[in-house]
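Asks: Test case, fold it:
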Amino acid sequence: MKAAVVTTFDQAPHYQDFTLPDQLGPNEMVVDVIAAGIHPRVRSQAEGSHYTSTDDLPLVPGIDGVARAADGTLRYFILPDTSLGSMAEQTIIDVRRSVRLPEGADPVQIAAAMNPAMSSWIALRRRIDFQPGQSVMIMGATGNAGRLAVQVARRLDAGRVIAVGRGADRLAELGADATVALDDDPQTVAEQLGEAGKDVDVVIDYLWGQPTRDALYAIVPRRTDHNQSLTWIEVGSVAGLDSPIPSAALRATRLQIVGSGQGSVATRDIVTELGELANAVNSAAFTIRARAITLDKVEYAWSEAANETDRIVITPQS
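Replies: The predicted structure follows:
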């Protein structure tokens, strides 16, 4: 079969032949892949830079997707850590890590939206005891996952949603209750973060690095009630792998910092959420800009995914 194959971590995947394993494990099946998203997690997998990465090559990247099973059913699936990912004409899935989709579901939209929406959905549903009516701040709200996080928070009945990111125009499109543009002058940003975060309950952070440090310095001194819990969920690190957390922030308010990602949430808990999330995506409850590019153009797709805000989805060759 044909697949996108990574043979070295410093180059994009190449379109070439790849052989499926001869034997299947319990509950495994061969499926025809219909759509697979190039998510940031997939890019880090192909670069060997994700915290779960090994040095094993060659590999087919891709951690999830939409496929047609031998019985004709359409399924959304997530894969374990494997060298046979979803960016291929076929892959092998464990049926227990998949959910059946209704006929008529848009495979490209499902493949584009499920992974980025899952980051905030799982964070709010599985990492903390989120309650309807609580307020949520999204750090990094103008990325694909951040934009969907605004929508997920609404879907899960957040009382107030604050979007923090770059680009006032892009922030204005999100429909949040309040916005903070990080590319404004530093004093204005600090004032706006302090005002927006003084009563916030939960922060979903896709940035980390210096923006998180600056946000904590701005928010903690302005808290209206220092006995009110402030739960900070670290989901991504696009602004830096490390962030200096001010010690006073941990002493001056009820700050709880948790992470949400592969390893901190059990696979069975993630799978439990897939059906409801897939139904929400399929019902058009969430919107995401997606663009399909065929598998044979994977090198072009790789460069496009790095340079635009649309979520690029790999589909079989037409």
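Asks: the helices in the stretch 1-150 of the chain, which residues?
Replies: Under the criterion DSSP state H, counting those that start in this stretch, the stretch 1-150 of the chain carries helices at the ranges 40-47, 107-122, 144-155.
Asks: where does the protein dip in pLDDT?
Replies: Of all residues in the chain, those with pLDDT under 70 make up the ranges 50-54, 307-308, 318.
Asks: Work out which residue lies at the spatial centre of it.
Replies: residue 116 (2.9 Å; CA atoms, centre = their mean).
Asks: What residues does the nearest residue to it once chain neighbours are set aside make contact with?
Replies: Sequence neighbours aside, residue 145 is the residue nearest to residue 116 in space, at 3.8 Å (criterion: CB to CB, 6 or more residues apart in numbering). Backbone N, C-alpha and C define where each C-beta goes, glycine included. Shown in contact with residue 145 (CB atoms under 8 Å, 6 or more residues apart in numbering): 40, 116, 117, 119, 120, 206, 235, 236.
Asks: Save these as JSON lines, and put in distance to residue 192 too.
Replies: Output for the contacts of residue 145, formatted as JSON lines (distance: CB to CB, whole Å):
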{"residue": "40", "distance to residue 192": "27"}
{"residue": "116", "distance to residue 192": "25"}
{"residue": "117", "distance to residue 192": "27"}
{"residue": "119", "distance to residue 192": "25"}
{"residue": "120", "distance to residue 192": "22"}
{"residue": "206", "distance to residue 192": "18"}
{"residue": "235", "distance to residue 192": "22"}
{"residue": "236", "distance to residue 192": "22"}
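Asks: Which of the residues you listed has the largest number of neighbours?
Replies: Ranked by neighbour count (other CB atoms under 10 Å), these have residue 206 at the top, with 28 neighbours.
Asks: Chain neighbours aside, what residue packs nearest to that residue?
Replies: With CB to CB, 6+ apart, the residue lying closest to residue 206 is residue 140, at 3.2 Å.
Asks: Based on its surroundings, how many neighbours for that neighbour?
Replies: Counted with other CB under 10 Å, residue 140 comes out at 26.
Asks: next one: the one 10 residues further on
Replies: Here the number of neighbours of residue 150 (other CB under 10 Å) works out to 27.
Asks: Domain-wise, how is this structure divided?
Replies: Per automatic domain parsing, the structural domains of the chain span 2-105+289-315, 116-259.
Asks: Quick check: end-to-end length of the last one?
Replies: Which is domain 116-259. With CA to CA, to the nearest Å as the measure, domain 116-259 spans 16 Å from end to end.
Asks: Also the shortest one?
Replies: With CA to CA as the measure, the first residue of domain 2-105+289-315 is 12 Å from its last.
Asks: chain center to that domain: distance?
Replies: Its chain's C-alpha centre and that of domain 2-105+289-315 lie 15 Å apart, by CA atoms, centre = their mean, to the nearest Å.
Asks: Kindly report the same for stretch 162-180.
Replies: 19 Å.
Asks: Tell me the buried residues in that stretch?
Replies: 162, 163, 164, 165, 166, 170, 171, 174, 176, 178, 179, 180 (16 or more other CB atoms under 10 Å).
Asks: ok so, going back, for the helices of the stretch 1-150 of the chain, which one sits closest to residue 269?
Replies: Among the helices of the stretch 1-150 of the chain, helix 107-122 comes nearest to residue 269, with 7.7 Å by CB to CB.
Asks: Quickly note the distance from the residue nearest to residue 206 to residue 170.
Replies: For residue 140, the distance to residue 170 equals 12 Å [CB to CB, to the nearest Å].
Asks: Ok, residue 89 next?
Replies: For residue 89, the distance to residue 170 - CB to CB - is 36 Å.
Asks: And for residue 132?
Replies: If you measure residue 132 against residue 170 using CB to CB, the figure is 28 Å.
Asks: Likewise for residue 314?
Replies: Per CB to CB, residue 314 is found 26 Å from residue 170.
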